[in-house]
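**Student:** Sequence first, then the predicted structure, then my questions.
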Amino acid sequence: MRPGRRRVLAAGIATLAGAAFGAAVLAQPRERVIRITARKFEFVPEEIALKKGEPVVLEFTTADVLMGFNAPDFKVRTDIVPGQVARVRLSPDRTGDFDFFCDNFCGEGHETMSGKIRVTA
Amino acid sequence: MNESIDRREFLKLAGLGGAVFASGLAGCASMAGAKQDDFYFVQLSDTHWGFKGPALNPDAEGTLQKAVAAVNALSFDPDFIVFTGDLTHTTDDPKERRRRLAEFRDIVGGLKNRNVRFMPGEHDASLDNGQAWKELFGPSTYSFDHKGVHFIAVDNVSDAAARIGDPQLAWLKSDLARQDKDARIVVFAHRPLFDLMPQWDWATRDGAQAIELLMPYRNVTVFYGHIHQEHHHMTGHIAHHSAKSLIFPLIAPGSKPKREPVAWDPTQPYKGLGFRGVDAEVQKAAYEITEYPVTKA
């Protein structure tokens, strides 16, 4: 194969690969971002409405103390550190109501600090 | 609270109205060839000194004293007494936390038996990594031997994330390494080491690692608190027994969607509260009996 032809072929493969990558990016559903504030001693909002199969990113912030988010039904958790944004990805595979709670002991009202993920069809 | 309480019996506490749970120590009766004396210890848990909530306990400022009097009224002297955490109810104020811990220490100073062991709960220790608790009660992780039984106190509360943590797990591993696989081992913890109800915060995040370390030992029993009720569970051959609270009971695991306390019942004051006596017995003759009916040939 002549060098010139090889370059053209390589460019063609690169173009095809780029097109495939672009198609993959376009095919991916955009993740909705839901921002949640954790504060003593509640999540705001405390109810998160999702659609079954909808991929979302939950973004947590707090200005108080170290807190946690734990949704055991979906096996997701994260620490929520003051001054930082904590993110978890979630794509619910079931409908129903699912509890989440703060799992870092954060103060006098910690034990009531919880919320609900409501997943509909 | 002047009624004496006999060993190895379930009895009503005159003042508390609760029952003493006399529990055999799993593994003790099954030890072959080991020579040790019988002994008895008392476990109290979740006293939550400083709690205020008349709907749950209108005698919150008097229940601990009644428990102390009840232990003092036992007709025999326990070998030792252990408090498995949540000595005080949590407060965000560090000064108030120390005040409550000091008041608790003063009240239980009325126990006639001076061999008392303490452990923290998350209400005592999670907001300052156990600092105030340790100032008043010393190390929160320790082990000791008593009449042939090796006792280990595991702190799964000073980390606000409900973790034992790698340094303490390493200590546990080295402590266990000095024991025979047949050794009689008792673990004290505040939270359950197994996943009882993680969604109710009734778990230890790395508790499975502690159980894995304990699993090679054939005679292990865990006594814990935290869930404010008696509960019994096996992880393999390891028995886990939770103790009642001395402030208010909580509902049974999974009985409702959310964890909640049980309201005070004025017709049955102190219902669901109490403490526990644990009997460690030397091996006794045991016979397993099977009955066979006569059947038509």
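**Tutor:** All right, it came through fine. Numbers count the residues shown, from 1 in each chain, chains lettered A, B, ... in the order given.
**Student:** Tell me which residue in chain B sits closest to chain A.
**Tutor:** Residue nearest to chain A within chain B: B:Ser126 (3.6 Å; Cβ to the nearest Cβ). C-betas here are computed from N, CA, C, even on glycine.
**Student:** and that residue, how far is that from B:Val220?
**Tutor:** 26 Å (Cβ to Cβ, to the nearest Å).
**Student:** Of these two, which one has the most company?
**Tutor:** The neighbour count for B:Ser126 versus B:Val220, taken as other Cβ atoms under 10 Å in any protein chain shown, is higher for B:Val220 (26 against 23).
**Student:** burial measure for the residue of chain A found nearest chain B, as a count.
**Tutor:** Closest residue of chain A to chain B, Cβ to the nearest Cβ: A:Phe105 (3.6 Å). A:Phe105 is flanked by 25 other residues according to other Cβ under 10 Å.
**Student:** Nearest residue to it in space, please, no chain neighbours.
**Tutor:** B:Ser126 (3.6 Å; Cβ to Cβ, 6 or more residues apart in numbering or on different chains).
**Student:** Can you show me the helices along chain A?
**Tutor:** Counting by DSSP state H, residue ranges of the helices within chain A are A:3-27.
**Student:** How is it divided into domains?
**Tutor:** Domain ranges of chain A: A:1-30, A:32-120, per automatic domain parsing.
**Student:** Include mean pLDDT when you put those into CSV, please.
**Tutor:** Putting the domains of chain A into CSV (pLDDT from 0 to 100) gives the following:
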stretch, mean pLDDT
domain A:1-30, 47
domain A:32-120, 96
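**Student:** Need the winner for burial among these.
**Tutor:** Greatest average neighbour count among these goes to domain A:32-120 (a mean of 17), per mean count of other Cβ atoms under 10 Å in any protein chain shown.
**Student:** what's the offset of that one from the middle of its chain?
**Tutor:** With Cα atoms, centre = their mean, to the nearest Å as the basis, domain A:32-120 stands 10 Å off its chain's centre.
**Student:** Any idea what residue 80 is bridged to?
**Tutor:** In the absence of a named chain, this looks at chain A. A:Met67 (DSSP bridges).
**Student:** meant chain B actually
**Tutor:** B:Phe41.
**Student:** any idea of the pLDDT on it?
**Tutor:** At B:Phe80, the predicted lDDT confidence score is 97.
**Student:** Test my guess that it contacts B:Arg114.
**Tutor:** No. B:Phe80 lies out of contact with B:Arg114 (Cβ atoms under 8 Å); the separation is 9.3 Å.
**Student:** These two: which is more packed in?
**Tutor:** B:Phe80 (17 against 8).
**Student:** so who does the more buried one touch?
**Tutor:** Shown in contact with B:Phe80 (Cβ atoms under 8 Å, 6 or more residues apart in numbering or on different chains): B:Phe41, B:Val42, B:Asn113, B:Asn115, B:Val116, B:Arg117, B:His146.
**Student:** And those residues, which of them are buried?
**Tutor:** Taking 16 or more other Cβ atoms under 10 Å in any protein chain shown as the criterion, what is buried in the contacts of B:Phe80 is B:Phe41, B:Val42, B:Val116, B:Arg117, B:His146.
**Student:** The residue of chain A closest to chain B touches B:Glu122, doesn't it?
**Tutor:** Yes. Applying Cβ under 8 Å as the test, A:Phe105 and B:Glu122 come out as touching, 4.9 Å apart.
**Student:** what touches both of the two?
**Tutor:** Common neighbours of A:Phe105 and B:Glu122 (Cβ under 8 Å, 6+ apart) are B:Thr90, B:Val157, B:Ala160, B:Ala162.
**Student:** what subset of these is also close to chain A?
**Tutor:** B:Thr90, B:Val157, B:Ala160, B:Ala162 (Cβ under 8 Å from any Cβ of the partner chain).
**Student:** Quickly check those residues for the two that are furthest apart.
**Tutor:** With distances taken as Cβ to Cβ, the most widely separated pair in those is B:Thr90 and B:Ala162, at 14.1 Å.
**Student:** Let me see the mean pLDDT of the top helix by length along chain B.
**Tutor:** In chain B, with assignment by DSSP H, the single longest helix is helix B:94-108. The average pLDDT within helix B:94-108 is 98.
**Student:** what's downstream of that helix, the next helix or strand?
**Tutor:** strand B:116-119 (DSSP states H and E).
**Student:** Dump the longest helix of chain B to CSV, restricted to CA.
**Tutor:** C-alpha atoms of helix B:94-108 as CSV (Å, rounded to 0.1, in the frame of the first residue of the first chain):
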residue,chain,number,x,y,z
PRO,B,94,-20.0,19.9,74.0
LYS,B,95,-20.4,21.4,77.5
GLU,B,96,-23.8,19.8,77.9
ARG,B,97,-22.4,16.5,76.6
ARG,B,98,-19.7,16.5,79.3
ARG,B,99,-22.3,17.5,81.9
ARG,B,100,-24.6,14.7,81.0
LEU,B,101,-21.7,12.2,80.9
ALA,B,102,-20.5,13.4,84.4
GLU,B,103,-24.0,13.1,85.8
PHE,B,104,-24.4,9.6,84.4
ARG,B,105,-21.0,8.6,86.0
ASP,B,106,-22.1,10.0,89.3
ILE,B,107,-25.4,8.2,89.3
VAL,B,108,-24.0,4.8,88.4
